[in-house]
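Enquirer: Using only what follows, build the 3D model:
(one chain, ligands or ions: 1)
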Amino acid sequence: MPESKLQNAFDMISIQEEAIRLLDANARRGKDYYYTAPSRQKYPHQWSWDSSFHAIVNCHLGRPDLAKEEILTLLYKMSPEGVLPHIVFHGHSLRMLGNRLLRSYWPQSDRSPLVQPPVAALAVREIWEQTEDIGFLNEALPLLNRHFAWLGARRCFGGSPLVSIISPWECGLDHKPGFDEVLGRAVKFPLGRYIALYTAEIRLALRRYDPDQIAQRGYFNVREVIFNTIYALGLEALGVMFDVIGDRMKAESFRTRNREVENAILQECYGAATSLYYDVDVNTGVLISEPSVSSLMPLALANVPESRLETLIMHLTDTSEFWLQFPVPSVPQNSKFFEPQDQRYLWRGPTWINTNWFLANGLRRHGYDELADSISQASRNLVEQFGFWEYYNPLSGEGGGERDFSWSTLAAIM
Ligand code: GLC
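Expert: This is a model prediction of the structure:
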């Protein structure tokens with residue numbers, strides 16, 4: 001074997017060992033739960049999309065039993081109507097002041113009434129592919145079905161098949177610049193984005209998070225691109241998995257919904273002037289033309305037309321936009337909002353490993369292996385040089401936010 005190949009092979013092994021060490025250090029086990037906290041200090045609870053990423057990594061690293069436990073812990077915290085909570089507090093709920101204050105307005109006090117991108121469906125498919133455990137699939141699928149049914153029935157407005165988020169927290173890209181306008185004047189004050197988010201949360205609590213009331217009152221209501229792309233990928237995965245358990249009708253209905261959602265993303269969210277994808281403000285019908293990494297996500301869709309794919313790749317590989325020293329930044333460099341070092345607000349410039357994982361997978365499914373490999377390599381370089389940080393400066397590679405952040409272990413399986 002040539003020496004450079006040998007070197008890479010060893011790097012791979014050690015990054016995987018490091019990933020296992022970190023996931024174990026951040027794992028929490030109780031009487032009726034098992035999950036991996038995103039970090040030991042700031043994020044001790046179970047977050048929905050984080051947990052799904054952790055399960056995917058564990059599965060790839062030969063630990064599918066831990067992956068199953070983590071996903072089932074999450075899925076069993078779903079409400080009877082089908083809300084899959086954005087955060088589950090497990091043993092910690094009493095320590096949370098905000099939770100205590102709002103608790104009487106929350107449907108269930110040990111979990112958030114918001115949701116996050118449904119990566120859980122992708123984690124379940126991953127576990128199935130690695131283990132072919134039909135018992136697990138039979139257990140997980142009815143739960144996922146309930147959640148996706150709720151998203152379709154309660155979170156779609158005005159005849160669109162696209163899901164609305166009712167808080168920026170729901171898409172996982174908390175302070176993405178495109179939300180500034182929707183959040184209103186408060187964002188102009190110091191730490192104003194936090195004030196706006198918490199005020200909005202109180203308004204939601206007063207309406208008991210009822211989607212219809214929230215829509216009628218014109219509160220934050222946005223068809224967000226990364227959320228809907230992951231929703232579409234989830235519908236696609238459910239189509240495959242219902243076929244596996246022999247429920248052809250359900251499989252067909254998920255395939256149909258997947259096509260409808262994909263088409264709606266490609267039509268409703270497309271900004272023809274820039275060939276990027278943007279969120280729709282449901283209250284005004286306006287396309288919020290503010291580019292971010294979310295704008296590139298539709299490249300992961302099964303049915304994105306080749307010409308659309310090519311223009312997305314042009315943006316991705318443009319060195320004045322997304323192709324920086326350590327790609328892929330959450331906001332392009334030529335945006336006035338690009339702040340690679342800002343630690344007060346999240347998702348306004350730094351590179352995150354989970355969005356890199358989505359982009360690399362999306363590129364691979366369409367045959368752009370070389371570009372996918374470059375993103376994977378850049379992600380591994382970040383982790384090997386700087387450690388598992390929450391996010392990274394795309395120009396210098398320096399880590400920011402929380403150290404020993406769990407989902408950055410995705411770099412070990414890219
Ligand atoms: C931050 C991220 C969000 C993540 C959470 C826990 O709020 O923006 O996406 O789920 O931390 O890691």
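
Enquirer: Distance of the closest residue to the ligand within the stretch 101-250 of the chain relative to residue 194?
Expert: At 3.4 Å from the ligand, residue 172 is the closest residue in the stretch 101-250 of the chain, using CB to the nearest ligand atom. In short, each C-beta sits where N, CA and C put it, glycine included. Noted for residue 172: a distance of 17 Å to residue 194, by CB to CB, to the nearest Å.

Enquirer: Then residue 272?
Expert: Distance, residue 272 to residue 194, by CB to CB: 35 Å.

Enquirer: quick one, phi psi at the residue of the stretch 101-250 of the chain closest to the ligand?
Expert: For residue 172, the backbone dihedrals (degrees, to the nearest 10) come out as phi 90, psi -10.

Enquirer: and it, how many neighbours?
Expert: Neighbour count of residue 172, defined by other CB atoms under 10 Å: 26.

Enquirer: contacting residues around it?
Expert: Going by CB atoms under 8 Å, 6 or more residues apart in numbering, residue 172 touches 49, 116-117, 226-227.

Enquirer: for residue 268, same thing?
Expert: Applying CB under 8 Å, 6+ apart, the residues near residue 268 are 160, 162, 223, 280.

Enquirer: can you redo those residues as JSON lines with neighbour count and secondary structure?
Expert: Below are the contacts of residue 268 laid out as JSON lines (neighbours: other CB atoms under 10 Å; DSSP: H, G, I helix; E, B strand; the rest coil):
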{"residue": "160", "neighbour count": "17", "secondary structure": "coil"}
{"residue": "162", "neighbour count": "25", "secondary structure": "coil"}
{"residue": "223", "neighbour count": "27", "secondary structure": "strand"}
{"residue": "280", "neighbour count": "23", "secondary structure": "strand"}
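
Enquirer: Could you point out which of those is nearest to residue 40?
Expert: Lowest distance from residue 40 to these (CB to CB) belongs to residue 223, with 35.1 Å.

Enquirer: Surely residue 243 and residue 253 touch.
Expert: No. Counting by CB atoms under 8 Å, residue 243 stays clear of residue 253, with 11.7 Å between them.

Enquirer: circling back to that earlier point, tell me which of the contacts of residue 172 fall in helices.
Expert: Within these, residues falling in helices by DSSP state H are 49, 226-227.

Enquirer: which of these are close to the ligand?
Expert: Among those, the residues within reach of the ligand (CB under 6 Å from any ligand atom) are residue 49.

Enquirer: now residue 105: how far from residue 204?
Expert: For residue 105, the distance to residue 204 - CB to CB - is 9 Å.

Enquirer: Let me know the closest of the contacts of residue 268 to residue 347.
Expert: Set against residue 347, the nearest of the contacts of residue 268 by CB to CB is residue 223 (17.8 Å).

Enquirer: Contacts only, for the closest one.
Expert: By CB under 8 Å, 6+ apart, the neighbours of residue 223 are 160, 162-165, 268-269, 279-280, 282.

Enquirer: try residue 383
Expert: Neighbouring residues of residue 383 by CB under 8 Å, 6+ apart: 15, 18, 353, 408, 411-412.

Enquirer: Please consider this matter closed, and thank you.
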